[in-house]
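In: Okay, sequence plus prediction incoming.
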Amino acid sequence: MIRSALRFRTFTRVLLLVASVLCCVALPARGAAYQQPPPPQDEFVAVGDAPAPEQLPAAPLLIAAYVVVLAGLFAYVISLSRRLGGVQRDVERLEGDLKRRAQR
């Protein structure tokens, strides 16, 4: 029981480390998407001479979406493991009660 608790703690620490590294990678990349706007133009510019429309880089948004989904999945797994541990303790307690009653 103690080993599984230690494994669980180690596992959670590793996942938190991975999530924090991913956040550190994804958040600074978002700043590159916001650049200074070009200076206003004083004269007419034909459509053919216009610069390409702005596009947001997809990678930081995709990484952020994956981080959110994985964080939610991680929270769900932790919730399930805690509930399963409680159920396991209840089953062990009930098995002990049944053994004690059978010995009477």
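Out: Yep, it's here. Numbering: from 1, shown residues only.

In: Just give me the longest helix of this protein.
Out: Using DSSP state H to define each element, the chain has its longest helix at helix 58-103.

In: That one - contacts with which helices or strands?
Out: Packing contacts for helix 58-103, counted by 3 or more Cβ pairs under 8 Å, 6 or more residues apart in numbering; DSSP states H and E, involve helix 2-31. Any C-beta I mention is one placed from the backbone N, CA and C, and that applies to glycine too.

In: now the helix it packs on: mean pLDDT?
Out: Mean per-residue pLDDT for helix 2-31: 71.

In: What score does the residue nearest the centre of the chain have for pLDDT?
Out: Nearest residue to the geometric centre of the chain (Cα atoms, centre = their mean): residue 71, 2.4 Å. Confidence at residue 71, expressed as pLDDT, is 94.

In: can you count the residues close to the closest residue to it other than its chain neighbours?
Out: Computed as Cβ to Cβ, 6 or more residues apart in numbering, the closest residue to residue 71 that is not its neighbour in sequence is residue 19, at 5.9 Å. With neighbours defined by other Cβ atoms under 10 Å, the count for residue 19 comes to 15.

In: shouldn't residue 19 be in contact with residue 68?
Out: No. Counting by Cβ atoms under 8 Å, residue 19 does not reach residue 68; the two are 10.0 Å apart.

In: Residue 93 and residue 87, how far apart?
Out: As judged by Cβ to Cβ, to the nearest Å, residue 93 and residue 87 stand 11 Å apart.

In: State the distance from residue 55 to residue 66.
Out: 20 Å.

In: Settle it for me: which of these two has more neighbours?
Out: In terms of neighbours (other Cβ under 10 Å), residue 66 is the more surrounded of residue 55 and residue 66; the figures are 12 against 7.

In: Please list all residues in contact with that one.
Out: Residue 66 is in contact with residue 22, counting by Cβ atoms under 8 Å, 6 or more residues apart in numbering.
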